[in-house]
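> here is my input; please provide its structure:
(one chain, ligands or ions: 4)
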Amino acid sequence: AKAGGKSCYSVFNSNMHAEAMSRLQIEAELNRGIEQNNFVLVYQPQIDLQNKALLGVEALVRFYHPKYGLMSPLKFIPILEDTGIIIKIGEWILQTALKQLKKWQDEGLSIKHVAVNLSATQFRNKHLLESVKEALTMSGVAAEYLELELTESLLLEDTESAVRTLKQFKDMGIRVTIDDFGTGYSSLSYLRRFPVDSLKIDKSFIKGVVSEPEDIAITVATIDMAHALGLNVIAEGVENEEQRDFLRDHGCDCAQGYFYSPPINHEDFSKWATTYRE
Ligand code: C2E
Ligand code: CA
Ligand code: CA
Ligand code: CA
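Ligands and ions are numbered 1, 2, ... in the order given. Below you'll find the predicted structure:
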């Protein structure tokens, strides 16, 4: 969780002392973030490539720092992780995403799931299952509508307990996606042991999927392997028609990216979803 710790606040200040000060300030601001409504979720559609319909939505967190403005999750998630604040924020994220899905379902939008990212500290937390159950109960959303996105590296930290946790999710009916697939580990044998439902091909491969032979090879191999293992496969970072067509032609199940929509607030998402047709 320490990786990238330095770069987290170097954007704010080049002076060392000021950096240390701002790190403490930022921690305090993050800590107050929920009460002060400085965290918001944005939503990005996930499209079924074969029938072109809206399938699900991924929730992504944003933080508006009172002084510095919009901060990227790549900057503040490591700070939340280091300080443990992620547990509290993570619960808020789950509850907010599920309540939003409930509202959309009540409005009549057809959305099959909301995908929520979990970080390492959340996944290791012994109260994770409890807080997931609580968020489901509070929102009135059935477990089958929740999808959790986990990275490979997080699952491989402690495979025994990861398998146990994944089995509990599966028993509850919650689906699990391996996020950033292909960027973490070269050994694929872990896929045999983890009861997961889908693989998400990282956007770094999708970027070159119509031009770079290596990216094409990795993407096609991932789609075929996922299907051979009975898993769904989703591509993130789809930015243009060529990428979309390539993925569709090669049997990829689902796509997400700027080509369809950037992550947007819930009001804009409602509008997007009611007018979307491909
Ligand atoms: P991720 O889960 O791999 O999310 C994908 C990132 O790609 C998002 O960045 C998204 O905005 C961006 N993206 C979406 N479509 C495109 C596209 O077509 N092209 C390009 N170039 N990028 C695209 P974002 O929102 O800045 O999030 C960055 C990372 O921060 C996420 O990577 C995830 O690891 C983490 N994160 C975001 N929200 C949460 C959260 O609620 N909880 C946790 N634990 N982590 C989060
Ligand atoms: Ca994700
Ligand atoms: Ca990714
Ligand atoms: Ca990621």
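> show me where pLDDT drops low in this protein?
1-21, 186 (pLDDT under 70).
> could you measure from the residue nearest to the spatial centre of it over to ligand 2?
Closest residue to the average C-alpha location of the chain: Asn117 at 3.6 Å, with C-alpha atoms, centre = their mean. To ligand 2, Asn117 is 5 Å away according to C-beta to the ion, to the nearest Å. For every residue, glycine as well, the C-beta is placed using N, CA and C.
> begin at 35 from now on, thanks
New numbering, starting at 35: the last item is Asn151.
> now that residue: phi and psi?
Phi and psi for Asn151, reported as degrees, to the nearest 10, are phi -80, psi 140.
> in the sheet, who's paired with the nearest residue to it once chain neighbours are set aside?
In space, and not counting its chain neighbours, Asn151 is closest to Glu183: 4.7 Å by C-beta to C-beta, 6 or more residues apart in numbering. Note on Glu183: beta-bridge partners Asn151, Thr211, judged by DSSP bridges.
> near ligand 3, which residues of this protein show up?
214, 236 (C-beta under 5 Å from the ion).
> so is the lengthiest helix in the chain next to ligand 2?
Assignment by DSSP state H gives helix 120-141 as the longest helix of the chain. No: if you take C-beta under 5 Å from the ion as the test, helix 120-141 misses ligand 2, and the best it gets is 12.0 Å.
> can you give me the buried ones in that helix?
120-121, 123-136, 138 (16 or more other C-beta atoms under 10 Å).
> and the residue nearest to the centre of the chain, what does it touch?
92-94, 182-183, 213 (C-beta atoms under 8 Å, 6 or more residues apart in numbering).
> the strand ranked longest in the chain near ligand 1 anywhere?
Once the chain is assigned using DSSP state E, the strand that runs over the most residues is strand 88-99. Yes: under the criterion of C-beta under 6 Å from any ligand atom, strand 88-99 makes contact with ligand 1 via 94-95.
> how about the residues of the protein by ligand 1?
78, 94-95, 106-108, 111, 127, 151-153, 183, 213-214, 237, 270-273, 291-292, 297.
> let's see 5 Å
94-95, 107, 127, 151, 153, 271, 273, 291-292, 297 (C-beta under 5 Å from any ligand atom).
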